[in-house]
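Visitor: here is my input; please provide its structure:
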Amino acid sequence: DPSVRSRAAYALGKIVSHALEPLIKSLYDRDPSVRSGAAYALGKIGDPRAVEPLIKSLSDKDSSVQSAAAEALAKIGEPSLEPLILSLWENDVNIFKYITEALDRIDSSWPAREETRKYLGYFSKALQSGSSHVKLYIINVLENIKDPSVSKILTKALEDNDMNVRLNAASALRRINDAQ
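Guide: Take a look at the predicted model:
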């Protein structure tokens, strides 16, 4: 019966909207299994209002909470993209891995998007001051951004203290020049 299904859908919507705030509060519970379960549930709900608290949960001391938060952000999708991009400066390798995996699950070609160019200043600073794993990832991202200033940013990385960063920047510059 369509009217029963309609009322059921409405009731479920009300339940979900009432669950959002308690679930967000549960991200701060002292028990990691509660925090992890809350992150999982927030991902299932998919409400963009959970993005910022989930971004904070990426820094939780428990890896299961970090993983659940990253998964939830990926499920929420597009509204998570910018906060995740702005979290790329994370120096903890494990948290950084969760961030990059969530970005790739949302859209593996996000670096090639036109709107990614607005982050060039951010990427430039990360390339100068981030840890090696951040710099290597940023070089890969920059290579996919179609903007003339990318070569200038990558050229600065040729002076980095880390040989891997210098080599990757040189390779990226070579590929960019070959493509032109």
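
Visitor: quick one: the helices in this structure, in order.
Guide: With DSSP state H as the definition, the chain shows helices at residue ranges 2-26, 32-45, 51-57, 63-76, 78-85, 93-106, 120-129, 132-143, 149-157, 163-179.

Visitor: distance-wise, check the residue most central in space within the chain relative to Glu159.
Guide: Closest to where the C-alpha atoms of the chain average out (C-alpha atoms, centre = their mean) is Leu84, at 2.7 Å. Applying C-beta to C-beta, to the nearest Å, the value for Leu84 to Glu159 is 29 Å. All C-beta spots, glycine's among them, are computed from the backbone N, C-alpha and C.

Visitor: so, low pLDDT: which residues of this protein?
Guide: Scanning the chain for pLDDT under 70 picks out the ranges 4, 6-14.

Visitor: swap the cut-off to 80 and go again
Guide: The model of the chain has pLDDT under 80 over residues 1-18, 89-91, 180.

Visitor: Gly37 touches Ser26, doesn't it?
Guide: Yes: applying C-beta atoms under 8 Å, one finds Gly37 in contact with Ser26, separated by 7.4 Å.

Visitor: which ones are touching the residue nearest to Glu101 when sequence neighbours are not counted?
Guide: Using C-beta to C-beta, 6 or more residues apart in numbering and skipping the chain neighbours, the partner closest in space to Glu101 is Ala70 (6.2 Å). Listed by C-beta atoms under 8 Å, 6 or more residues apart in numbering, the contact set of Ala70 reads 58, 98-99, 101-102.

Visitor: from Val134, how far out is Ala70?
Guide: If you go by C-beta to C-beta, the gap between Ala70 and Val134 works out to 16 Å.

Visitor: same check, this time on Val34
Guide: Separation of Val34 from Val134 (C-beta to C-beta): 31 Å.

Visitor: with Glu115 instead?
Guide: 21 Å.

Visitor: tell me which of the helices of the chain is the most buried.
Guide: Burial of the helices of the chain is given as mean neighbour count (mean count of other C-beta atoms under 10 Å); helix 63-76 ranks first at a mean of 23.
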